[in-house]
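**Q** this is a predicted model, with the sequence first.
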Amino acid sequence: MEKFKKLDSKNPIFTKNKNRETENKLQQNMKTKYEKIPTFVFDESYEASLKIAEEIATKIKECQQKNRPCVLGLPIGSTPKQVYKELISMHKQEGLSFKNVITFNLDEYYPMKKDSLLSAYHYMHENLFQYVDIPPENIHIPDAELPIDKIYQHCQNYENLIKETGGIDILLLGIGRTGHIGFNEPGSQVNSRSRIIVVDTKTKQDAAPEFGGLEKVPMKAITIGIETIMKAKKVMLIAFGESKSHIIKKTVERP
C-alpha cells in the first residue's frame, strides 16, 4: 500500500471489530495510536454505515444551502450497501433531496452490458438511484459497452466531467484483499487517472463466485486513478470483517 500513503487527515478509514465494547475517547486513541491516518473503529458495520451516511447527508444539505451541486464518488459491492440503505431512509423519512447530487462511479468491469445483473449500472440503480430523486443526467458510470478503441477518449471525458463539476466532494472507497482501491492495485502510479486495466488474479478469484466461475470474470476493467481519488476533497475508505483486517492493518499502520 506504499503508493497510497498520501491519504491524510481529511481521509478517514472506517473499520469494524465485533468484540470491542463501547469505549471513551482516551481508550479509542490508545487503540489507534499506531495508525498513520485517522481511523474510526465501530462495534457493528451498521454503526459505521450510519455515520458515513450522516456525513454525506450533511454535505448534500451544505451544498444545497450554497446553491451548488454535491459531487459524490461511489463504489459498488457489499461494503457500501448499508450506507445506501441509510441514505434512502433519510430521503424517504427526512426529506433528504438528491436533486443537487452528481455521482461518479469508481469503476466497471470491461466489457459489461448495462442490463447485466453484475454491472455497476444495475447495482447502483438497484441499491440507490431508483429510490431517490437524483436526476438521471447527474449519474455517471463508466461505459463498458463501448468498443475498446473508444475507451481512452471515454476515460479522458470522464476526468473532464469530474473537473467541470468542481471536483468530488466525498469519495467512498472499499478495499480489496490485495489492497486495491477502485481497480488500482498496489504499485499503481500516484499520478494515474481514469483508464482501462488488467484485473489482478486474486481480485478475479474473489469475484469468481459472483460471476459463476473464474473463467467468466472479465479480464479488464475501467477505473478512476489514484490521482483522481486523491483530488477528492474527502475520501472515506471503508472495510468490514476479519477478512479485511490484515490489509487494513498494513494500510493504516505502515509509514
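**A** Here it is on my side, so go on.

**Q** from here on, contacts and neighbour counts on C-alpha atoms
**A** Fine.

**Q** flag the shaky bits of the stretch 1-150 of the chain, pLDDT-wise.
**A** Counting by pLDDT under 70, the stretch 1-150 of the chain has low-confidence residues at 1-36.

**Q** now the strands for it?
**A** Ranges of strands in the stretch 1-150 of the chain, per DSSP state E, counting those that start in this stretch, are 13-16, 39-42, 70-74, 101-105, 107-110, 139-140.

**Q** the third one pairs with which strands, and in what direction?
**A** Paired with strand 70-74 in the same sheet, following DSSP bridges, are strand 101-105 (parallel), strand 170-173 (parallel).

**Q** thinking again about what came up before, tell me which of the strands of the stretch 1-150 of the chain sits most buried.
**A** Most buried of the strands of the stretch 1-150 of the chain, by mean neighbour count (mean count of other CA atoms under 10 Å): strand 107-110, with a mean of 26.

**Q** what strands line up against it, and which way round?
**A** Here, using DSSP bridges, strand 107-110 pairs with strand 220-223 (antiparallel).

**Q** and the very next helix or strand once past the strand it pairs with, what's buried?
**A** Moving toward the C-terminus from strand 220-223, the next helix or strand (DSSP states H and E) is helix 226-230. The neighbour-count check on helix 226-230 (16 or more other CA atoms under 10 Å) flags 226, 228-230 as buried.

**Q** might one say that residue 188 is in contact with residue 223?
**A** No - assessed by CA atoms under 8 Å, residue 188 is found out of contact with residue 223, at 11.6 Å.

**Q** quick one, which of the two is more surrounded?
**A** residue 223 (24 against 18; other CA atoms under 10 Å).

**Q** nearest residue to the more buried one other than its sequence neighbours?
**A** With sequence-adjacent residues excluded and distances taken as CA to CA, 6 or more residues apart in numbering, residue 223 is closest to residue 107, at 4.2 Å.

**Q** now for that neighbour: which residues touch it?
**A** 75, 120, 141-142, 182-183, 221-224 (CA atoms under 8 Å, 6 or more residues apart in numbering).
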